[in-house]
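Q: Here's my sequence, what's the structure:
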Amino acid sequence: MLFFRNYSFKMVSNQIQSKFRGSLLGSLMGDCLGAPFEGELVSSGDKIIIQRYFDKMEKPEYEGPFKKYTDDTAMMKSVAKFLVTTPEPDLNYLAKLFVNEYYNEPKRGYGQSVATVFEKLKHSKYTDIFRPASEQFDGRGSYGNGGAMRIAPISLYFHNDLENMIKLARDSTRITHGHMLGINGAILQALAIRQAFLLDPTETVKADEFCNTLLKQIHEVEKSYFEDLEDNSEDLPYCAKIKQIKYFLNQEFTDDLQEEIIENLGHGISAYDSVPIAIFCFLKAQNPIPRIETNNVFRRTIQFAITMGGDTDTIACMAGAIVGAHLGEEAINKTLLKHCEKYDDIIALAHKLYENRQLQI
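A: Numbering: from 1, shown residues only. Take a look at the predicted model:
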């Protein structure tokens, strides 16, 4: 059996394959299971409803309709296909995949701003794939979470190549998002998935160590955008968010604290207000959480992310990608998985992604 170097534990090939599948399936499941609650403010009563929602779907006899995926998964699939199909990353090809996916199924929940980018890309025949996004919002660019929600395949594919992972996370996000916060949010999500991937799935994640590593890595990314600032991570947007994550992880969780968490970490559609809370949900769910009644850390992560309300499909999608990268496919309740649209296609895509990466090593 093949062994791989540069991991924090000795990982064998079947574990790597499991983590590839776990992360992409986690992304899908968070998207599908979180979509029905999108935009809602979750009350104490709603948490009971969400608990029953998960309990019901874990019963083998339950035959409810499958949960459809949104643009989160549609675009994630395009990123995976881009990595599988081309021997070297070809961003023009990725832009075409995004556009074709959108025009094939435009009713997956795409925002109007990204639809406008796709229309301009198609009309311009992809002569400058970064220009349409850079022109958004009076030239400021979008700072939404559309880059972060689809980034998992890049984290997996380049799990042993940090420099190229960051570069491709940045460049692939720039096709649709021109604002620094949107781009760096996608990079932060990519870093979190990669770090979870490199950890032993049999061990509980050490939250402080996880945050400290992220803080160091995203500081290097952010400071390049703020060359006029002194080397002070407190002045950098995502560095400040990670410090808030660390603070909230060390507090006793209550409904009042949840409101404070949402107020500070966010739960909206911007990357700045969704990537940090997805990371928080993953780390907090390493241990039991009040009114999240399950011993399965994978389910607990996604369920907890949904109870944060707001952009539930994307926050749960991102949290699911992280926990799946840590625990692998074995942690997923297959009865729950079967309620998610096209899950078998995602398994096949994850396998192709893994195989293609092995050919490049």
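
Q: how about the CA coordinates for the longest helix along the chain, as PDB?
A: Assignment by DSSP state H gives helix 13-34 as the longest helix of the chain. Backbone C-alpha positions of helix 13-34 (Å, rounded to 0.1, in the frame of the first residue of the first chain) are rendered in PDB as follows:
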ATOM      1  CA  SER A  13      -3.900   5.800  -0.100                       C
ATOM      2  CA  ASN A  14      -7.300   4.500   1.000                       C
ATOM      3  CA  GLN A  15      -7.400   7.200   3.700                       C
ATOM      4  CA  ILE A  16      -6.700   9.900   1.100                       C
ATOM      5  CA  GLN A  17      -9.400   8.600  -1.200                       C
ATOM      6  CA  SER A  18     -11.800   8.600   1.800                       C
ATOM      7  CA  LYS A  19     -11.000  12.200   2.600                       C
ATOM      8  CA  PHE A  20     -11.400  13.200  -1.000                       C
ATOM      9  CA  ARG A  21     -14.900  11.700  -1.100                       C
ATOM     10  CA  GLY A  22     -15.700  12.900   2.400                       C
ATOM     11  CA  SER A  23     -15.000  16.500   1.600                       C
ATOM     12  CA  LEU A  24     -16.900  16.700  -1.600                       C
ATOM     13  CA  LEU A  25     -19.800  14.800  -0.100                       C
ATOM     14  CA  GLY A  26     -19.700  17.000   3.000                       C
ATOM     15  CA  SER A  27     -19.900  20.000   0.700                       C
ATOM     16  CA  LEU A  28     -22.900  18.500  -1.200                       C
ATOM     17  CA  MET A  29     -24.700  17.500   2.000                       C
ATOM     18  CA  GLY A  30     -24.300  20.900   3.700                       C
ATOM     19  CA  ASP A  31     -25.700  22.500   0.500                       C
ATOM     20  CA  CYS A  32     -28.600  20.200   0.100                       C
ATOM     21  CA  LEU A  33     -29.600  19.900   3.700                       C
ATOM     22  CA  GLY A  34     -29.100  23.600   4.500                       C
END
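
Q: so what secondary structure elements neighbour the strand or helix carrying residue 238?
A: Assigned by DSSP states H and E, residue 238 falls within helix 237-249. The contact analysis (3 or more C-beta pairs under 8 Å, 6 or more residues apart in numbering; DSSP states H and E) places helix 237-249 against helix 180-197, helix 207-223, helix 255-265, helix 275-284. (C-beta placed from N, C-alpha, C; glycine too.)

Q: And these: which comes nearest residue 323?
A: Judged by C-beta to C-beta, the one of these that comes nearest to residue 323 is helix 275-284, at 5.3 Å.

Q: Could you list the low-confidence segments of the stretch 151-300 of the chain?
A: Where the stretch 151-300 of the chain drops to pLDDT under 70, the residues are 227-234.

Q: redo that, cut-off 80
A: Flagging of the stretch 151-300 of the chain using pLDDT under 80 yields the residue ranges 225-235.

Q: cool, and the stretch 1-150 of the chain?
A: Low-confidence segments of the stretch 1-150 of the chain (pLDDT under 80): 1-11, 40, 86-88.

Q: Okay, strands next: where are they in it?
A: Along the stretch 1-150 of the chain, the segments classed as strands by DSSP state E, counting those that start in this stretch run 3-4, 11-12.

Q: Distance from the chain centre to the helix holding residue 238, please.
A: 18 Å (C-alpha atoms, centre = their mean, to the nearest Å).

Q: Any chance you could list what contacts it?
A: 181, 184-185, 188, 207-208, 211, 214-215, 218-219, 222, 233-234, 257, 260-261, 264-265, 272, 275-276, 279-280, 283-284 (C-beta atoms under 8 Å, 6 or more residues apart in numbering).

Q: Thanks again, I'm all set now.
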